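>>> Any chance you could fold what I've pasted below:
(2 chains)
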Amino acid sequence: QKEVEQDPGPLSVPEGAIVSLNCTYSNSAFQYFMWYRQYSRKGPELLMYTYSSGNKEDGRFTAQVDKSSKYISLFIRDSQPSDSATYLCATEGTNAGKSTFGDGTTLTVKP
Amino acid sequence: DTEVTQTPKHLVMGMTNKKSLKCEQHMGHRAMYWYKQKAKKPPELMFVYSYEKLSINESVPSRFSPECPNSSLLNLHLHALQPEDSALYLCASRNRGGGSPDTQYFGPGTRLTVL
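As a prediction, the model looks like this:
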């Protein structure tokens, strides 16, 4: 079993929709939770970084962490065609910065 | 400046060639990473340098040889690669190498094709 499982997608939504991207993890030692956005043929770009359970909001993006159920989510409000990309969740414990990534969900937002 | 730069952007090499990938950051970060990413897969960690010392080597074949000449530069030397080594090679850096809330910045990657 993978340490981080991500809803596989692909996901296709109309412009303006609310998007929900989800991951589960198995290692209770994970303390840090990240969401990256990766456009085709580019490097990943950090979108959100959270440490504890709860919500963190940044513009149209909200990251949610539930440590009790080992579940992390990214919500995108008012989705735009420019949000079309692959979204990667990632987790870390305290072991020298080694991130464990989910497999990614490819999102397409149609105008 | 929150930029990690990588050169070259694209590289095509034969199985007998020797080449090097280069990565540079000027954010004062003390941890630098090499990842390999195949199509439609997440990045796979290869090496981590922390304070210019190799701290993680994920059992990568010896045909990949990392080097950290100074705190701003990271190289990946390639020799006798196989076609299955074709991938996007990503460099990343972060302030302290984890264990605390800090951001990992990725470069744009070098797309490597081995013929």
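
>>> where exactly do the strands run in the chain?
Since no chain was named, I'll use chain A. A:4-6, A:11-14, A:19-25, A:32-38, A:45-50, A:54-58, A:61-66, A:71-76, A:85-92, A:100-101, A:105-110 (DSSP state E).

>>> my bad, chain B
So, for chain B - with DSSP E - the strands run B:4-7, B:10-13, B:18-25, B:31-37, B:44-50, B:53-57, B:64-70, B:73-79, B:87-94, B:105-106, B:110-114.

>>> elements contacting the last one?
Applying 3 or more Cβ pairs under 8 Å, 6 or more residues apart in numbering or on different chains; DSSP states H and E, one finds that strand B:110-114 makes contact with strand B:10-13, strand B:87-94. Just so you know, the C-beta spots here come from the backbone N, C-alpha and C atoms, and that holds for glycine as well.

>>> Need the CA coordinates for it. CSV is fine.
Output in CSV follows, covering the C-alpha atoms of strand B:110-114 (Å, rounded to 0.1, in the frame of the first residue of the first chain):
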residue,chain,number,x,y,z
THR,B,110,15.7,19.3,-17.6
ARG,B,111,14.0,17.0,-20.1
LEU,B,112,16.4,14.2,-20.8
THR,B,113,16.2,11.8,-23.7
VAL,B,114,18.6,8.8,-23.8
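
>>> residues in contact with that strand?
With contact meaning Cβ atoms under 8 Å, 6 or more residues apart in numbering or on different chains, strand B:110-114 is reached by A:41, B:6-15, B:21, B:78, B:81-89.
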